[in-house]
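1. A predicted structure for the sequence below; I have some questions about it.
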Amino acid sequence: MHNQPISILLADDDEDDRLIFKEAFDAVKMKTVVNTVNDGMELMEYLTDDRNTLPHILFLDLNMPRKTGMECLIEIKRNDNLKEIAIAIYSTSASEQDIEETFVKGANVYIKKPSDFTTLKNLLEEIIKMNWQYQTSGLNKDNFLLIR
Amino acid sequence: MKIHISFDMNTVGKIILQEQMDKLQLEYSFTNTGEFELQEPVPDDKLKELTLGLSKYGIEILENKKNILVQKIKDLIIEMVYMDDNIPTTSSISSYLTDKLNYAYGHIAHLFSSTTFTSIENFIKLQKTERAKHLIINSDLTCSEIAWKLNYSSVAHFSSQFKNVTGLTPTAFQRIINKRREFLMEEIQYEINNNIKT
């Protein structure tokens, strides 16, 4: 019943971060499909293109050129076709203000980018599993807030 | 005039399946009698359409027995977590599951974690936290009252488990949800103003 892979999208302008992110998901035990985009503009083009399937969860960097993560977040939440996508903020900043502001504007998860690979892998796995529970176990997505 | 026929149910079944799946443009292959494999994951609405199409011919899609049992486990846990007062502790929930389902706990636990990506204990923790969130937002109960209602040993235990599951304290959670509601109201106002302009 639930053997379809979990589809994941990352928006991050840092090439190294994108690479590590993909590698981390290769190491995760669950079946996943990971796509990446390089900035906020590209992200919005990707999400509004009918040919692309929408991700189950979007990992969003805050500091990106052309269009910031915060701007994307607001746009996504204003779009009826996109607003159901779970959003995980994936940032180097862990300021209380950023965390609170993104949650208020509709983000579900806030992750501070960890510096080592194993921590990242475990973290991503935990988040995917938690999101999975929200998709399959009748939990209220409006109350889905998670900081890691 | 009487015409005698003979037919092979297997072939008939196959052809019906083929027709139905071609109609929905699904890629498939037959693995066994009474079983076929879809090449790609199928969205739920298409699966529903397929189920409906096949039911006309008396063909029923059997759901995986494991999935049925897992769903039962989930339902039982949720039912207990949402009891009115003094909900059972985690350990009494597990013995209740054993009684109710008539399987050894080890079997249930293994089956559960192999299909849901989480353990029964974790699932209970998550569901209790979910109910706590609901109570925080929709009732006037204090943290101690919620801790008591959900049968935590103390407020401290409740708060630490809440923080452990969500990364937030119950108070921070409440503050953020309230602010989010205000923000949503502003967004609705923004949309109304936009519609008036255009």
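-> Looks like it arrived, so ask away. Numbers count the residues shown, from 1 in each chain, chains lettered A, B, ... in the order given.

2. Could you pull up phi and psi at A:Ile87?
-> Main-chain torsions, A:Ile87, degrees, to the nearest 10: phi -120, psi 120.

3. How about the residues of chain A by chain B?
-> Selection of chain A residues close to chain B by CB under 8 Å from any CB of the partner chain yields A:1-5, A:30, A:77-78, A:100, A:103-106, A:110, A:129-130, A:132-133, A:136-140, A:143, A:145-148. Where C-beta positions appear, they are placed from N, C-alpha and C, glycine not excepted.

4. 7 Å instead, please
-> Chain A has residues A:1, A:3-4, A:30, A:78, A:100, A:103-105, A:129, A:132-133, A:137, A:139-140, A:143, A:145-148 near chain B, with proximity defined as CB under 7 Å from any CB of the partner chain.

5. Buried subset of these, written for ChimeraX?
-> Filtering the residues of chain A next to chain B down to the buried ones (16 or more other CB atoms under 10 Å in any protein chain shown) takes a single ChimeraX command:
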select /A:100,103,104,105,129,132,133,137,139,143,145,146,147,148
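
6. Of the residues of chain A next to chain B, which belong to strands?
-> A:Leu146, A:Ile147 (DSSP state E).

7. What is the burial count for B:Glu79?
-> When counting by other CB atoms under 10 Å in any protein chain shown, one arrives at 11 neighbours for B:Glu79.

8. quick one: secondary structure of the most centrally placed residue in chain A?
-> By CA atoms, centre = their mean, the mean C-alpha position of chain A lies nearest to A:Phe59, the distance being 1.9 Å. In three-state terms, and counting by DSSP: H, G, I helix; E, B strand; the rest coil, A:Phe59 is strand.

9. What residues sit buried inside stretch B:77-86?
-> B:Ile77, B:Ile78, B:Met80, B:Val81.

10. other SSEs contacting whatever helix or strand A:Tyr110 lives in?
-> Per DSSP states H and E, A:Tyr110 falls inside strand A:109-112. Applying 3 or more CB pairs under 7 Å, 6 or more residues apart in numbering or on different chains; DSSP states H and E, one finds that strand A:109-112 contacts strand A:86-91, helix A:96-104, helix A:117-136.

11. And the contacts of that strand?
-> Residues outside strand A:109-112 that contact it (CB atoms under 7 Å, 6 or more residues apart in numbering or on different chains) are A:88-91, A:94, A:99, A:102-103, A:123, A:127, A:146-148.

12. let's see it at 6 Å
-> Strand A:109-112 is contacted by residues A:Ala88, A:Ile89, A:Tyr90, A:Ala94, A:Ile99, A:Ile127, A:Leu146, A:Ile147, A:Arg148 when judged by CB atoms under 6 Å, 6 or more residues apart in numbering or on different chains.

13. Among these, which one sits closest to chain B?
-> Comparing these against chain B with CB to the nearest CB places A:Ile147 closest, at 3.0 Å.

14. which residue sits closest to the closest one, ignoring its sequence neighbours?
-> Once flanking residues are discounted, A:Ile147 sits nearest to B:Gly167: 3.0 Å by CB to CB, 6 or more residues apart in numbering or on different chains.

15. check contacts around that neighbour.
-> Per CB under 6 Å, 6+ apart, neighbours of B:Gly167: A:Leu146, A:Ile147, A:Arg148.

16. For the first one, which non-adjacent residue is spatially closest?
-> This points to A:Leu146. A:Val109 (4.6 Å).

17. That neighbour: how many residues sit nearby?
-> Neighbours of A:Val109 (other CB under 10 Å): 25.

18. Next to chain A, which bits of chain B? Give me the list.
-> B:41, B:67, B:117, B:126, B:130, B:133, B:166-168, B:176, B:179-180, B:183 (CB under 6 Å from any CB of the partner chain).

19. What about those residues, which are in helices?
-> Here DSSP state H is the test, and the residues of chain B next to chain A give B:Asn67, B:Leu126, B:Glu130, B:Lys133, B:Thr166, B:Ile176, B:Lys179, B:Arg180, B:Phe183 as lying in helices.

20. Looking at neighbours, which among those is most surrounded?
-> That'd be B:Lys133 among those, by other CB under 10 Å, with 25 neighbours.
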